[in-house]
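Chemist: Here is the input, now give the coordinates:
(one chain, ligands or ions: 1)
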Amino acid sequence: MNYNSTRDKNKVVSASQAIAQGISEEGGLFVPQELPKYSMDDLKAMLETDYRGRAKKIMGDFLSDFTAEEISESVEAAYTAEKFGGENPVPISYIESEDKKMSLLELWHGPTCAFKDMALQILPHLLTKSMKKTCDGKEAVILVATSGDTGKAALEGFKDVEGTKIMVFYPTGGVSPMQKRQMATQKGDNVSVVAIKGNFDDAQTGVKKIFTNSEIKEKLAANNMLFSSANSINWGRLLPQIVYYFSAYCDMVNEGKISLGDSINVCVPTGNFGNILASFYAMNMGLPVKKFICASNSNNVLTDFIRTGTYDKKRKFYTTISPSMDILVSSNLERLLYHLTDGNADKVAELMNSLNTEGVYSVDEDIKTKLDKYFWGGYCDDENTEKTIGDLYKNENYLADTHTAVAVNVYGQYVKETGDTTPVVIASTASPYKFAKAVLASVTDEILPQDEFSMVDELSAKTKTAVPTPLASLKDAKERFSLVCEADEMPKVVIESLGI
Ligand SMILES: *Cc1c(COP(=O)(O)O)cnc(C)c1O
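Modeler: Numbers count the residues shown, from 1 in each chain. Now for the predicted structure:
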């Protein structure tokens, strides 16, 4: 199976090229030329296997220039029971109240307690194998600018993976105390973490400049190294996410919640549009999904797009208690546009160009009709997010994080407006302990303690739930990284750290 660029139909690359390269030269994203199609018999066969078996089948069908052994190695290394706290990395919690039934697909049992682990635990294995095939086995140097969950998940994924080095830059003021501690205590011989004086944009601009700095690139080449990226538009991050929608469906059948062939809806707390897009791919491959409910926080650019057909990024940016969804440009939406236009790369290039130059684009009637057919958009502000966490805890004894609560709230709006009670899978994307302050404030009226770990302990005591081990162990972990630098010192820091 080969891949095209969303902005240039003549660009054709293999799976390993798509993953090694990350993004196409003209700025387009790589998309599969066709999709594997699964019949009910195929789904039936999947019922018999476990998560890893399903992952091997699905990813193998996409990665046609990988051997079965390479896929198997990658899957077995990524989704171990040890790393994900159990044989099934993505267990489902069922909430069945009088007015609604919800299946919460918990995607946060990995090493960093957020759903990015589902992709970033396997990406390093896919990437190193891709580089062996396409770049003579050069060492991959991964640079990441992060405002939160991605940096830590990338560090954990690439830690001690042979043939890789990873450097993460985060803004001094831009991450939560827990996120900072997660990164500063990172283990591994091939990792480094640097704080940048400035905001997320300064860190990201710095990384982009290094990627295109020809002097540094030559130095790397002379040392048999090559820059690579782990960001969310890489096909190697999207593909692993398709697996858990199939797996959830199989688990629901096996657990007697639905029958094989029944339709489901999917509801996803959305930022960059990767997670929800993975479920859309699953539907196009044969998973019976009726509606995709796209949940946003106050940064509701996607809600407006789905409702009006106009994407307008010229709007106020809100910093919310669900920070991983604080986004005004959802990069993976480009892939959806490509598929909704039946692969019209010229049209997609035109829309993306309009977004870059005017900050806005509108889709035509045909795309809007398809959007309406499949998608429903809604949003939830901080106040209602906290209320939803409080209600879920009080009424259902379920503790949700802020992102998951946005999805639960928007799903409630959807049912109220449409009356559609098709069984729903709601993506639960982070452990509540990752956002302890906002979650604790939602379930108690008492005054909150000052520091992060006291809040974590109090949340655990109050709700009688266990702190996930990876977060609990941070309290006494040794800080390894304390370097703070100016954004314009980043190139120097990279060269020194690589010793080239
Ligand atoms: C990244 C993230 C999201 C958004 O996912 P997208 O694939 O970018 O839409 C939602 N919740 C959490 C906790 C995240 O880390």
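
Chemist: And the pLDDT at the closest residue to G151 other than its chain neighbours?
Modeler: When the adjacent residues along the chain are set aside, G151 lies closest to V168, with 4.3 Å between them (Cβ to Cβ, 6 or more residues apart in numbering). C-beta coordinates here come from the backbone N, C-alpha and C atoms, glycine included. Note for V168: predicted pLDDT of 95.

Chemist: immediately after the helix or strand in which S16 is found, which helix or strand?
Modeler: Using DSSP states H and E, S16 maps to helix 15-21. Using DSSP H and E, the helix or strand that follows helix 15-21 towards the C-terminus is strand 30-32.

Chemist: Moving along the chain from that following strand, name the first helix or strand you hit.
Modeler: In the C-terminal direction, the helix or strand that comes right after strand 30-32 (DSSP H and E) is helix 40-47.

Chemist: Which of the three states applies to the residue nearest to G151?
Modeler: strand (DSSP: H, G, I helix; E, B strand; the rest coil).

Chemist: for it, what are its contacts?
Modeler: Under the criterion of Cβ atoms under 8 Å, 6 or more residues apart in numbering, the contact list for V168 reads V144, A145, T146, G151, K152, A154, L155, M183, V191, S192, V193, V194.

Chemist: For the second one, give its distance to T270.
Modeler: By that I understand A145. Using Cβ to Cβ, to the nearest Å, A145 is found at 21 Å from T270.

Chemist: Mind checking which of those two has more residues around it?
Modeler: When A145 and T270 are compared on other Cβ atoms under 10 Å, the one with more neighbours turns out to be T270, at 32 against 24.

Chemist: For A295, list the residues it contacts.
Modeler: Counting by Cβ under 8 Å, 6+ apart, A295 touches C267, V268, P269, T270, G378, Y379, C380, V406, A407, N409, V410, Y411.

Chemist: Return only those of those found close to the ligand.
Modeler: P269, T270 (Cβ under 6 Å from any ligand atom).

Chemist: Could you check which helix or strand contains S330?
Modeler: Element membership of S330 [criterion: DSSP H and E] is none; it lies in no helix or strand.

Chemist: ok but V194 is inside a helix, no?
Modeler: No. Going by three-state DSSP, the assignment for V194 is strand, not a helix.

Chemist: Look up how far the ligand lies from it.
Modeler: According to Cβ to the nearest ligand atom, to the nearest Å, V194 and the ligand sit 21 Å apart.

Chemist: ok, P124 to the ligand distance?
Modeler: 18 Å.

Chemist: Could you do L29 as well?
Modeler: If you measure L29 against the ligand using Cβ to the nearest ligand atom, the figure is 14 Å.

Chemist: now do G148
Modeler: Applying Cβ to the nearest ligand atom, the value for G148 to the ligand is 7 Å.

Chemist: Tell me who's in contact with that residue.
Modeler: Applying Cβ under 8 Å, 6+ apart to G148 gives the contacts V175, S176, Q179, P323, S324.

Chemist: hmm, back to that, which residues sit against the helix holding S16?
Modeler: For helix 15-21, the external contacting residues (Cβ under 8 Å, 6+ apart) are 1-3, 13, 30, 62-66, 126-127, 129-131, 133-135, 228, 234-236.

Chemist: next one: stretch 348-368
Modeler: Stretch 348-368 is contacted from outside by 6-8, 26-28, 309-314, 329, 334, 337-338, 340-341, 371, using Cβ under 8 Å, 6+ apart.

Chemist: one more time with 7 Å
Modeler: Contacts to stretch 348-368, defined as Cβ atoms under 7 Å, 6 or more residues apart in numbering, come from residues 6-7, 309-314, 334, 337-338, 340-341.

Chemist: Repeat that for stretch 182-195.
Modeler: Identification of contacts with stretch 182-195 by Cβ under 7 Å, 6+ apart yields 112, 151-152, 155, 158-160, 164-170, 172, 474, 477-485, 493, 497.

Chemist: let's see 8 Å
Modeler: Applying Cβ under 8 Å, 6+ apart, the contact partners of stretch 182-195 are 112, 146, 151-152, 155-156, 158-161, 164-172, 175, 471, 474, 477-485, 490, 493, 497.

Chemist: Now do the same for the helix or strand hosting V144: mean pLDDT, whole number.
Modeler: V144 is located in strand 139-145, with elements delineated by DSSP H and E. Averaged across strand 139-145, pLDDT comes to 92.

Chemist: List the pairing partners of it within its sheet, with orientation.
Modeler: If you go by DSSP bridges, strand 139-145 pairs up with strand 164-171 (parallel), strand 225-228 (parallel).

Chemist: quick one: the next helix or strand after the first one to strand 164-171, angle?
Modeler: Read that as strand 164-171. As assigned by DSSP H and E, the chain's next helix or strand after strand 164-171 is helix 177-184. What separates the directions of helix 177-184 and strand 164-171 is an angle of 150 degrees, with axes from the mean of the first three to the mean of the last three Cα atoms, to 10 degrees.
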